[in-house]
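Colleague: Provided below are the primary sequence and the corresponding predicted coordinates.
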Amino acid sequence: MLRYDLTICAEHEFRVKHCLLAKPGVKRSDIKYAISHPQALAQCDNYLRGLGIKPIPTYDTAGSAKMIRDRKGLPDGCTPENTAAIASDLAGRTYGLDCLDKGIEDDD
């Protein structure tokens, strides 16, 4: 912003709603890892810590859901049976995953 003659005139707050998405048949108690974009993982840090789920960063939120569906590109140790994606409910519907929990983002 210092390079350009730019004036900020307003701010817009946008609620981000994350879901814990998993392969159909997987229970929340089966989840050991959560994959997603680093920002989404940070936004859900309290939730993940509370459940003892290890966050693992990947390239994006919806892409993480796709990785679980396709069983391809998952980080070491991650399987569709022990890993959830943090992404939108739309990503869950698009890739045929179950939403194990909604609104998992931190309030801060």
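Modeller: Arrived safely, thanks for sending. Numbering: from 1, shown residues only.

Colleague: Identify the residues contacting the residue nearest the centre of the chain.
Modeller: By C-alpha atoms, centre = their mean, the mean C-alpha position of the chain lies nearest to Ile86, the distance being 1.6 Å. Residues near Ile86 by C-beta atoms under 8 Å, 6 or more residues apart in numbering: 18-21, 34-36, 40-41, 44, 61, 64, 104. For glycine as for every other residue, the C-beta is placed from the backbone atoms N, C-alpha and C.

Colleague: go on, Asp106?
Modeller: Asp106 touches Gln43, Cys44, Asp45, Asn46, Tyr47, counting by C-beta under 8 Å, 6+ apart.

Colleague: Regarding the protein, what is its longest helix?
Modeller: Scanning the chain for the helix with the most residues, using DSSP state H, yields helix 61-70.

Colleague: for the helix or strand following that one, which positions count as buried?
Modeller: With elements assigned by DSSP states H and E, the helix or strand that comes after helix 61-70 is strand 83-87. Within strand 83-87, the residues that qualify as buried by neighbour count (16 or more other C-beta atoms under 10 Å) are Thr83, Ala84, Ala85, Ile86, Ala87.

Colleague: same check, this time on stretch 15-32
Modeller: His18, Cys19, Leu20, Leu21, Ala22, Lys23, Val26, Ile31, Lys32.

Colleague: Mind checking which of those land in strands?
Modeller: Taking DSSP state E, the ones among these that sit in strands are Cys19, Leu20, Leu21, Ala22.

Colleague: No further questions, thank you.
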